[in-house]
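Novice: Below is the sequence, then the predicted model.
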Amino acid sequence: MTNNLLLYPMATHIAWVAFLYVFLTIVRAPAVWGVVKSKKERWASMELRISANLSNQFEWPLFFHVTCVLFIALGNTEPVQLWLAWIFIAGRLIHSFVQIVTNNIRLRGLVFTINFLAVLAMWFFLLI
């Protein structure tokens, strides 16, 4: 039963990525339609950060999704893996906020470290 619960954090991440695509489209729309004349306008300046964050969603999260699929396939998911999956998702949401809204690279690195360690711990539990 716990195995199928890993689908929820996975689906949450997919929904987040879909939201980022929509957000990026909305931010790009004024420039595409010729409403924005300068890249210095507020929303236009966020475009690069949103785009970079969207790219980040296909790097380390790949290992998250792979480990979730393996847990589900092997049928040996424990509550700790589910907690780690939700920690990873919370970290991804916070990471996106920090990267898009601020320029605080130290905080972004700290949040990434939480994501990184959560997935490493999931792999550790998968292998033992």
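Specialist: Thanks, I have it. Numbering: from 1, shown residues only.
Novice: Please report the distance of the nearest residue to residue 51 once chain neighbours are set aside from residue 57.
Specialist: Here the nearest residue to residue 51 in space, its sequence neighbours aside, is residue 24; by C-beta to C-beta, 6 or more residues apart in numbering that works out to 6.1 Å. (Each C-beta comes from the backbone N, C-alpha and C, glycine too.) To residue 57, residue 24 is 11 Å away according to C-beta to C-beta, to the nearest Å.
Novice: How about residue 121?
Specialist: Here residue 121 is placed at a distance of 20 Å from residue 57 (C-beta to C-beta).
Novice: Which helix runs longest in this protein?
Specialist: Of all the segments assigned as helix in the chain under DSSP state H, the longest by residue count is helix 7-32.
Novice: Tabulate the CA atom coordinates of the helix or strand that comes right after that one in CSV.
Specialist: Note on helix 7-32: by DSSP states H and E, the next helix or strand toward the C-terminus is helix 42-56. C-alpha atoms of helix 42-56 as CSV (Å, rounded to 0.1, in the frame of the first residue of the first chain):
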residue,chain,number,x,y,z
ARG,A,42,10.0,43.4,-14.1
TRP,A,43,8.5,40.2,-15.6
ALA,A,44,10.9,40.1,-18.5
SER,A,45,13.8,40.0,-16.1
MET,A,46,12.4,36.9,-14.4
GLU,A,47,12.3,34.9,-17.6
LEU,A,48,15.9,33.7,-17.4
ARG,A,49,15.5,32.6,-13.8
ILE,A,50,12.3,30.7,-14.5
SER,A,51,13.9,29.1,-17.5
ALA,A,52,17.0,28.1,-15.5
ASN,A,53,14.8,26.7,-12.7
LEU,A,54,12.8,24.7,-15.3
SER,A,55,16.0,23.2,-16.6
ASN,A,56,16.9,22.3,-13.0
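Novice: tell me what helix 42-56 is packed against?
Specialist: Contacts defined by 3 or more C-beta pairs under 8 Å, 6 or more residues apart in numbering; DSSP states H and E place helix 42-56 against helix 7-32, helix 79-101.
Novice: need the next SSE after that helix, C-terminal direction.
Specialist: Next helix or strand after helix 42-56 toward the C-terminus (DSSP H and E): helix 61-74.
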